[in-house]
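Enquirer: Got a predicted structure plus its sequence, pasted below:
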Amino acid sequence: MAEPPPGPHPAPSPATTARVALVSGGSRGIGLATATALARRGHRVLVGSRSGRAAAGLTGLTCDVTDSQQVEEAFARAERDHGPVQIVVSNVGARDDGLLMRMEERTFRRTIDTNLTGAWRLLRRAAAGMADTGWGRVVLVSSVAAVLGTPGQANYAAAKAGLAGLARSAARELGPSGITVNVVLPGFVDTDLTRDLPPRRRESILSGVPLGRSGTAREIAETVAFLTDEQAGYVTGAVLPVDGGLAMGH
């Protein structure tokens, strides 16, 4: 058997430390796939949703991100029953499409409140507990619409684009406390959120994807899960596309 080359050898990577993770919007699609991926890594996964229900093996929490009091109560319950929440994934994605000139202001405000302000509510509440432990991972799930723009989705695209500014500002503020904040930018993924698109619209989008197919929820989830690992501790303030090349260069 050949001798190993001289010199120091890297130590094996440490096993993932089990932590408490909260995934908002984790009852289906990318959120459920993310919750499952984190559970496979040994984390105690809590799924926040309006219904408070969760898939088998996961723990449900009632957490409407448009309600600051519910966000506070969800974190308080999690901390009381399971310990400090050190991983937070904000995955809420609500669409209310309409052409710009026909869109009512309340529609625009509601979409911003759910997708952007909701993520801010989670991040604000999570930061204090993470700072106390000196370790934290936050991942905000955005959309390729944030960088490409999508006709009929000015409200949704604006909200998802805002996540990048939120994450980068938070990354600078929270980095000294051992907290990373990143954004994952999914492309066209086969979920309930995209299945209602007209066939021609789906074909038009897929024609611009170099890989020639839609993504899967699990492919997005594994990227999110990587950003929560110890090994991703030097990645913060990043906006990471997982889009089959759809938005490359943006």
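Expert: Thanks, I have it. Residues are numbered from 1 along each chain as shown.

Enquirer: so how far is the helix or strand that A146 is a member of off the chain centroid?
Expert: Using DSSP states H and E, A146 sits in helix 145-148. Distance, stretch centre to chain centre, for helix 145-148: 16 Å (CA atoms, centre = their mean, to the nearest Å).

Enquirer: okay, which residue is most central for the protein?
Expert: Closest to where the C-alpha atoms of the chain average out (CA atoms, centre = their mean) is V141, at 3.1 Å.

Enquirer: All the helices of this protein, in order from the start?
Expert: Residue ranges of the helices in the chain, as given by DSSP state H, are 29-40, 68-82, 105-112, 118-133, 145-148, 154-174, 192-195, 199-206, 217-228.

Enquirer: Can you name every helix or strand that the lengthiest strand in the chain contacts?
Expert: Ranked by number of residues, the top strand in the chain under DSSP state E is strand 179-186. On a contact count with 3 or more CB pairs under 8 Å, 6 or more residues apart in numbering; DSSP states H and E, strand 179-186 meets helix 118-133, strand 136-141, helix 154-174, helix 217-228, strand 239-242. Any C-beta I mention is one placed from the backbone N, CA and C, and that applies to glycine too.

Enquirer: Can you say which of these is packed in most?
Expert: strand 136-141 (a mean of 27; mean count of other CB atoms under 10 Å).

Enquirer: residues contacting the residue nearest to the centre of the chain?
Expert: V141 makes contacts with 25, 30-31, 34, 89-91, 93, 183-184, 186, 220, 224, as judged by CB atoms under 8 Å, 6 or more residues apart in numbering.

Enquirer: and it, what pLDDT?
Expert: Per-residue pLDDT puts V141 at 98.

Enquirer: The one 10 residues further on too?
Expert: What the model reports as pLDDT for P151 is 87.

Enquirer: Check the gap between W135 and G233 for me.
Expert: Distance, W135 to G233, using CB to CB, to the nearest Å: 9 Å.

Enquirer: neighbour-wise, which of these two wins?
Expert: When W135 and G233 are compared for neighbours, W135 comes out ahead with 18 against 12, by other CB atoms under 10 Å.

Enquirer: Now do the contacts for the more buried one.
Expert: Contact partners of W135, counting by CB under 8 Å, 6+ apart, are Q86, G178, I179.

Enquirer: Let me see the mean pLDDT of stretch 196-215.
Expert: The predicted model assigns stretch 196-215 a mean pLDDT of 86.

Enquirer: end to end, how far does it reach?
Expert: Criterion CA to CA, to the nearest Å; first-to-last residue distance in stretch 196-215 is 16 Å.

Enquirer: Residues contacting it, please?
Expert: P186, G187, F188, V189, D190, T194, V242, D243, G244, G245, L246, M248.

Enquirer: lowest average confidence, helix or strand, in the protein?
Expert: Ranking every helix and strand in the chain by mean pLDDT, DSSP states H and E puts helix 192-195 at the bottom, with a mean of 72.

Enquirer: Done for today, thanks.
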